[in-house]
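Asks: okay, sequence plus prediction incoming.
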Amino acid sequence: MRIGIIGAGEVGMTLAAKFVDMGHDVLVSNSRGPESISERLAYADSRLSPSSVVKACNCEMVFLAVPWTKIGEALPKGMDWGGRILVDVTNIFLSYEPDFRVDELRDDSGSEIVSRMARSARTVKAFNTLPMNTMFAPRDTGFRRVLFLAGDDPSAVDDVQKLVAELGLHPVPLGSLATAGRLMELNGPLSGLELLTPIR
Ligand SMILES: NC(=O)c1ccc[n+]([C@@H]2O[C@H](COP(=O)([O-])OP(=O)(O)OC[C@H]3O[C@@H](n4cnc5c(N)ncnc54)[C@H](OP(=O)(O)O)[C@@H]3O)[C@@H](O)[C@H]2O)c1
């Protein structure tokens, strides 16, 4: 599959490396342009291409991996997503260390906001409930780490679920963005919850 990633930070580059290892073609983008990414690549792999945001957004599945405060700038305006899958990995931090302020969304949620900003995409919330270094930390053989997903389009959730399983994680789809997406949000009961399940 051809996967696009908006954001070439900790999440973007961690997931990009994993997807490349699995044999996918990955286009990674950031706010400063492809050259700034090429400079940082430790190794050349023909499957991993630094890209513009728009080109990355034209991939079959696109990951949104930018700070919450940047989503409006990062998602291309007026883009026709044509039903492509947008995986929202963001967490609603307004700031990081030392104060870690969380956005006050009242009756709304981050993934529903993203979904409204990209109406012609099928948005799936995933990969946001654990830090990358926990998500992919070594684990006892015989166990898989649980990864929650939420989305309003069952076939989109299904496709992301397959990718999650390929990564060696145990996907648990929980329902819609409005219900499950909120449980997965910062300060929700599933945020930061690490679960391991025996491989059957
Ligand atoms: N870190 C984790 O373990 C983790 C786990 C789960 C979820 N999350 C969430 O995932 C998101 C990304 O986290 P991160 O730790 O990867 O952040 P990060 O290391 O700070 O990287 C953010 C990336 O977003 C890019 N970016 C910023 N504004 C952009 C724009 N307008 N257009 C395109 N790219 C833009 C930055 O590119 P430039 O440098 O060129 O601006 C940078 O490559 C956040 O919402 C975070 O809360 C993080």
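Replies: Done, it's in. This is a predicted model, so every value here is computed, not measured. Residues are numbered from 1 along each chain as shown.
Asks: helix/strand/coil for Arg144?
Replies: Of the three states, Arg144 takes strand under DSSP: H, G, I helix; E, B strand; the rest coil.
Asks: grab the nearest non-local neighbour of it.
Replies: Of all residues not flanking Arg144 in the chain, His170 sits nearest, at 4.0 Å (Cβ to Cβ, 6 or more residues apart in numbering). Bear in mind the C-beta positions are built from the backbone N, C-alpha and C, glycine included.
Asks: beta partners of the residue nearest to Phe100 when sequence neighbours are not counted?
Replies: Nearest in space to Phe100, with sequence neighbours left out and distances taken as Cβ to Cβ, 6+ apart, is Phe93 at 6.4 Å. Listed beta-bridge partners, Phe93: Val102 (assigned using DSSP bridges).
Asks: got the contact list for Phe93?
Replies: 67-69, 100-103, 186 (Cβ atoms under 8 Å, 6 or more residues apart in numbering).
Asks: of those residues, which are in range of the ligand?
Replies: The subset of these within reach of the ligand, by Cβ under 6 Å from any ligand atom, is 67-68.
Asks: buried only: go through the contacts of Phe93 for me.
Replies: Buried by 16 or more other Cβ atoms under 10 Å: 67-68, 102-103, 186, out of those.
Asks: between these, which is closest to Glu194?
Replies: Glu194 lies nearest to Leu186 out of these, by Cβ to Cβ, at 15.4 Å.
Asks: quick one: the closest one and Ile92 touch, right?
Replies: Yes - applying Cβ atoms under 8 Å as the test, Leu186 and Ile92 come out as touching, 5.4 Å apart.
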